[in-house]
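Colleague: Just need the structure, nothing else, for what follows:
(one chain, ligands or ions: 2)
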Amino acid sequence: MTSTWTPSSWRDAEARHQPLWPDTAELDQAVKTLAELPPLVFAGEARNLTAQLGSVARGEAFLLQAGDCAESFDSSADSIRDKLRVILQMAIVLTYSGGIPLVKIGRIAGQFAKPRSSPTEIQGDTELPSFLGQIVNDIGFSETERRPDPQRLLTAYHRAASTLNLLRAFTRGGYADLSQVSSWNREFVASSPAGERYSQMADEIDRALRFMDACGVNASTTPALHEVDFYTSHEALLLNYEEALTRQDSLTDDWYDCSAHMLWIGERTRQLDGAHVRFLQGVGNPLGCKVGPTATPDEVLALCEALNPERNPGRLTLISRMGSDKVADTLPPLLAAVRDSGHPVVWACDPMHGNTYTAEGGRKTRHFDKVLEEIGGFFAAHRQEGTWAGGIHVELTGDSVTECVGGGDGLDEEALDQAYETMCDPRLNGRQSVDLAFRVAELLRGEN
Ligand code: PEP
Ligand code: CO
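Modeller: Ligands and ions are numbered 1, 2, ... in the order given. Purely as a prediction, here's the structure:
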């Protein structure tokens, strides 16, 4: 951290993808209120996550970061529970197959702001501000709904707080019990057309749990089987919001962005001299940075220097999102450059954002096979360069939506209209997500 850094230093740099707030007095008032509200996470939790990600950087653990593209203010308790449930189902499969600890981070409890390709949207003769996530405006296409409304920053805070509270309750209160999670996976395997392929692994996990139980290791003797460490993250896009939740830790005097445990910089805002890099440089949280196909080795090394000058393992996760057809060419030079520089990063694969296309009917979608193909290419690139394929970063929901095509249930483009509910990018549904975990498990067992 530079000695001149303050939570407002970003204001001296160019901040891309910020809303044009129509009323700045109203914005200032909302930000002031936000700055007086309690932090959502404790700095010590962020430090614990850095330590766990340090194990991933050393090749001793694996990362699963997953959740919504854009969370909704209207998410029901059931929907939050089901998202957690799917992540836990994926986690048990990946932990068992990798044979190493799995670090679990949700894109949840604050993933409300979205960068868009255009600041405005045109429908017919009408041009309005684009939908920038419910923390800014509403998805409906009217002047009132699309007006950036600073009150939404406060609603976002309160929604994040209640979501986080529910997650803490579920993960500490017994919902994450391993034998319970394993039985959900057995139900999935029994009902999936691809189940045959996965039944052996599901049986093995069950047998391992029964063996441990027979040895006296069960939920009543071992809290680790009953509770789970689950962290929150979102893209730190709206810098007014992030600044207001940045607090000085009373134990260390360091600054932490207490809106989530981990924050990441998006592909569109990772300019070295930009406001997002400037802001996140100064907070003590573990950070992510998306890296797309246009990133050069020099740019990536400069980001490593800027965001992790002290070379602290676990501080920085580079999230590659190349596209299934580009990953084999674009990722290896970046892996080699970072490896040779000695920067201790976590490499994670976002197989979603480079594989979006528009289906015949006009819906934005992604094909399960392309998602899997990019993950395969990511593992292959790491094998080639002798580096650790540290994890995956996926957009999913526990709900039975029809937004991505493919997967064991063979969802096709015609089915997209049945339950297309996302407010932004297409997400894997609950079954496709567990399906993906079993397929990644095969990669982890065979090749990583
Ligand atoms: C996202 O993660 O939802 C996103 C916008 O990704 P990217 O910055 O990689 O485009
Ligand atoms: Co997205």
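Colleague: okay, CA-based contacts and neighbour counts for the rest of this
Modeller: OK.
Colleague: Neighbours of the closest residue to ligand 2 within the stretch 1-150 of the chain, how many?
Modeller: Here the residue of the stretch 1-150 of the chain nearest ligand 2 is residue 69; by CA to the ion that distance is 4.2 Å. Around residue 69 sit 25 other residues, with neighbours defined as other CA atoms under 10 Å.
Colleague: what does the stretch 51-200 of the chain put close to ligand 1?
Modeller: For the stretch 51-200 of the chain, the contact set with ligand 1 under CA under 6 Å from any ligand atom comprises residue 69.
Colleague: Return the set of buried residues in stretch 399-410.
Modeller: The neighbour-count check on stretch 399-410 (16 or more other CA atoms under 10 Å) flags 399, 401, 402, 403, 404, 405, 406, 407 as buried.
Colleague: pretty sure the second one contacts residue 419?
Modeller: Going back to what we said before, that points to residue 401. Yes: using CA atoms under 8 Å, residue 401 is in contact with residue 419, at 4.9 Å.
Colleague: pLDDT below threshold where in the chain?
Modeller: 1-3, 447-448 (pLDDT under 70).
Colleague: Provide the partner residues of the residue positioned nearest the centre of it in its beta bridges.
Modeller: Central residue of the chain (CA atoms, centre = their mean): residue 107, 3.9 Å from the mean position. Beta bridges link residue 107 to residue 67, residue 233, judged by DSSP bridges.
Colleague: Would you enumerate the residues in contact with it?
Modeller: 65, 66, 67, 68, 69, 232, 233, 234, 395 (CA atoms under 8 Å, 6 or more residues apart in numbering).
Colleague: would you turn the residues you listed into a markdown table with distance to residue 248?
Modeller: Rendered in a markdown table, the data for the contacts of residue 107 read as follows (distance: CA to CA, whole Å):
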| residue | distance to residue 248 |
| --- | --- |
| 65 | 26 |
| 66 | 28 |
| 67 | 28 |
| 68 | 29 |
| 69 | 29 |
| 232 | 19 |
| 233 | 19 |
| 234 | 20 |
| 395 | 32 |
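Colleague: Pull the number of nearby residues for residue 442.
Modeller: Residue 442 has 18 neighbouring residues, counting by other CA under 10 Å.
Colleague: Please give the element, helix or strand, for it.
Modeller: helix 430-446 (DSSP states H and E).
Colleague: Could the C-alpha coordinates of that helix be exported in PDB?
Modeller: Taking C-alpha atoms only, helix 430-446 is exported to PDB below (Å, rounded to 0.1, in the frame of the first residue of the first chain):
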ATOM      1  CA  GLY A 430     -28.700 -26.100 -10.200                       C
ATOM      2  CA  ARG A 431     -28.400 -29.400 -12.100                       C
ATOM      3  CA  GLN A 432     -26.000 -28.000 -14.700                       C
ATOM      4  CA  SER A 433     -23.800 -26.800 -11.900                       C
ATOM      5  CA  VAL A 434     -23.600 -30.100 -10.100                       C
ATOM      6  CA  ASP A 435     -23.100 -31.700 -13.500                       C
ATOM      7  CA  LEU A 436     -20.100 -29.400 -14.100                       C
ATOM      8  CA  ALA A 437     -18.600 -30.200 -10.700                       C
ATOM      9  CA  PHE A 438     -18.600 -33.900 -11.600                       C
ATOM     10  CA  ARG A 439     -17.000 -33.200 -14.900                       C
ATOM     11  CA  VAL A 440     -14.300 -30.900 -13.400                       C
ATOM     12  CA  ALA A 441     -13.700 -33.700 -10.800                       C
ATOM     13  CA  GLU A 442     -12.800 -36.000 -13.600                       C
ATOM     14  CA  LEU A 443     -10.300 -33.400 -14.800                       C
ATOM     15  CA  LEU A 444      -8.900 -33.000 -11.300                       C
ATOM     16  CA  ARG A 445      -8.500 -36.700 -10.700                       C
ATOM     17  CA  GLY A 446      -6.900 -37.400 -14.000                       C
END
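Colleague: Other residues contacting that helix?
Modeller: Helix 430-446 is contacted from outside by 83, 86, 89-91, 93-94, 97-98, 185, 188, 198, 368, 372, 375-376, 379, 396-400, 407-409, using CA under 8 Å, 6+ apart.
Colleague: go again using 7 Å as the cut-off
Modeller: Outside helix 430-446, the residues that touch it by CA atoms under 7 Å, 6 or more residues apart in numbering are 86, 89-90, 93-94, 97-98, 198, 396-400, 407-408.
Colleague: Next: stretch 31-40.
Modeller: 154, 161, 240, 241, 244, 245, 258, 259, 260.
Colleague: Would you enumerate the residues in contact with the first one?
Modeller: In this case it means residue 154. 30, 34.
Colleague: in what helix or strand does it lie?
Modeller: Assigned by DSSP H and E, residue 154 falls in helix 151-173.
Colleague: after that helix comes which helix or strand?
Modeller: helix 178-191.
Colleague: what angle do that following helix and helix 430-446 make?
Modeller: Counting by axes from the mean of the first three to the mean of the last three CA atoms, to 10 degrees, helix 178-191 lies at 100 degrees to helix 430-446.
Colleague: what packs against helix 178-191?
Modeller: In terms of contacts (3 or more CA pairs under 7 Å, 6 or more residues apart in numbering; DSSP states H and E), helix 178-191 is packed against helix 77-98, helix 195-214.
Colleague: Can you list the buried residues in the shortest one?
Modeller: To tie it back to what came earlier, the one meant is helix 195-214. Buried positions in helix 195-214, judged by neighbour count with 16+ other CA under 10 Å: 195, 198, 199, 201, 202, 205, 206, 209.
Colleague: Quick check: of the residues you listed, which lies closest to ligand 1?
Modeller: residue 198 (29.0 Å; CA to the nearest ligand atom).
Colleague: Enumerate every residue touching residue 243.
Modeller: Listed by CA under 7 Å, 6+ apart, the contact partners of residue 243 are 7, 8.
Colleague: where's stretch 114-122 relative to the chain centroid, distance-wise?
Modeller: Mean-position distance between stretch 114-122 and its chain equals 21 Å (CA atoms, centre = their mean, to the nearest Å).
Colleague: Residues contacting it, please?
Modeller: 17, 70, 127, 128, 129, 130, 132, 133.
Colleague: Can you tell me which of these are buried?
Modeller: Buried among the contacts of stretch 114-122 (16+ other CA under 10 Å): 17, 70, 128, 129, 130, 132, 133.
Colleague: ok, now how distant is the fourth one from residue 26?
Modeller: Looking back up the chat, that one is residue 129. As defined by CA to CA, to the nearest Å, residue 129 lies at a distance of 18 Å from residue 26.
Colleague: now residue 47
Modeller: Separation of residue 47 from residue 26 (CA to CA): 34 Å.
Colleague: higher neighbour count, the two?
Modeller: Remark: of residue 47 and residue 26, residue 47 carries more neighbours, 19 against 14, as counted by other CA under 10 Å.
Colleague: Give me the phi and psi angles of the nearest residue to residue 150 once chain neighbours are set aside.
Modeller: Among residues not flanking residue 150 along the chain, residue 27 sits closest, at 5.1 Å (CA to CA, 6 or more residues apart in numbering). Backbone torsions for residue 27, taken as degrees, to the nearest 10, come to phi -60, psi -50.
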